[in-house]
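> output the structure for:
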Amino acid sequence: MGGDSHAVVLAAGLGRRLRPLTEDTPKTLLAVDDKPILDHITDALAATGYEDLTVVTGFEEAQIRASLVGHDDLSVSFVHSDRFRETNNLYSLWLARNRIGDGFTLINSDTMFPRSALGRLQSAEGSALVVDAEKDLGEEEMKVDTDGDTVVDIGKEIDSATGEYIGVCKFDERGAKRVVDALDRFVDEGRVNEWYEAAFRETFDDIDVGIVEVGDDWIEIDDFADLQRARQMWQARTIPE
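Reported below is the predicted structural model:
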């Protein structure tokens, strides 16, 4: 497996801001255009030639497993987090550490994006983050700062930034090993309630991480307004397949 053939989707969270819709249903299984968000992601992976998928589950694990039965275009495996109620996505990614050392593509399970961006990421050399360089940035956006074409920092608190990280990235084998090392350090220190971007930040002095511009509309679905907008965007086909 490698970064251009193996994807990891993090789907362990509770989706609290979408309750009561997520009271008994994982956020990634909410429907957009009569299809779960997760299906949009797996369809994009299959269409761009990915072969292997690791899904990190937590809340309502059985529902996510059942939803992926019959996806013959991808070889799907699962890693489960028993601590999903008390940890953040850094810990979820760490749980998949034994599967990502050869390189991996990472996708947040609440993000909808154009397949073309995934294809450009897949064909990019080395490690890269998919970034929206056009969006106005507020306090909550995960911002990326670059020096030329190379990422130098990531975080919500960055004052001056190139754009927003959309929750889709790729690390080649060298980059993946650095990410795993950083994840190990965070977990060893008990810092399991941090965003995985904190671990990424620690790799930028050791490896070159580029950017791939998203190019078209995309959306991260955090709350009811996001979900409604995603449904409107998909109906209008402003997020191209």
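
> please count neighbours and contacts with C-alpha atoms only from this point.
OK.

> give me the helices and strands touching the longest helix belonging to the chain, please.
Longest helix of the chain, by residue count under DSSP state H: helix 173-188. In terms of contacts (3 or more Cα pairs under 8 Å, 6 or more residues apart in numbering; DSSP states H and E), helix 173-188 is packed against helix 89-95, helix 197-201.

> give me that answer again for 10 Å
helix 89-95, strand 104-108, strand 127-132, strand 163-171, helix 197-201 (3 or more Cα pairs under 10 Å, 6 or more residues apart in numbering; DSSP states H and E).

> which residues make contact with the first one from outside it?
Same thing as helix 89-95. With contacts defined as Cα atoms under 10 Å, 6 or more residues apart in numbering, helix 89-95 is touched by 8-13, 55-58, 79-84, 97, 99-100, 106, 108, 179-184, 186-187, 190-200.

> returning to what we had before: can you tell which of the helices and strands packed on helix 173-188 is closest to Thr25?
strand 104-108 (16.8 Å; Cα to Cα).

> and for the closest residue to Ala117 other than its chain neighbours, the neighbour number?
Closest residue to Ala117 in three dimensions, ignoring its sequence neighbours and counting by Cα to Cα, 6 or more residues apart in numbering: Val214, at 5.2 Å. Neighbour count of Val214, defined by other Cα atoms under 10 Å: 25.

> Val214 contacts Val131, doesn't it?
Yes - Val214 is in contact with Val131 according to Cα atoms under 10 Å; the separation is 5.7 Å.

> what touches both of the two?
With Cα under 10 Å, 6+ apart, Val214 and Val131 have common neighbours Ala117, Glu164, Tyr165, Ile166, Val168.

> generate a markdown table for the residues you listed, with pLDDT as supplementary columns.
Shown next, in a markdown table, are the shared contacts of Val214 and Val131 (pLDDT from 0 to 100):
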| residue | pLDDT |
| --- | --- |
| Ala117 | 92 |
| Glu164 | 92 |
| Tyr165 | 92 |
| Ile166 | 93 |
| Val168 | 96 |
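
> of those residues, which is the nearest to Glu141?
Glu164 (6.3 Å).

> which residues touch that closest one?
Glu164 touches 129-138, 141-145, 154-156, 213-214, counting by Cα under 10 Å, 6+ apart.

> returning to what we had before: out of the shared contacts of Val214 and Val131, which one sits closest to Arg17?
Nearest member of the shared contacts of Val214 and Val131 to Arg17, counting by Cα to Cα, is Ile166, at 18.8 Å.
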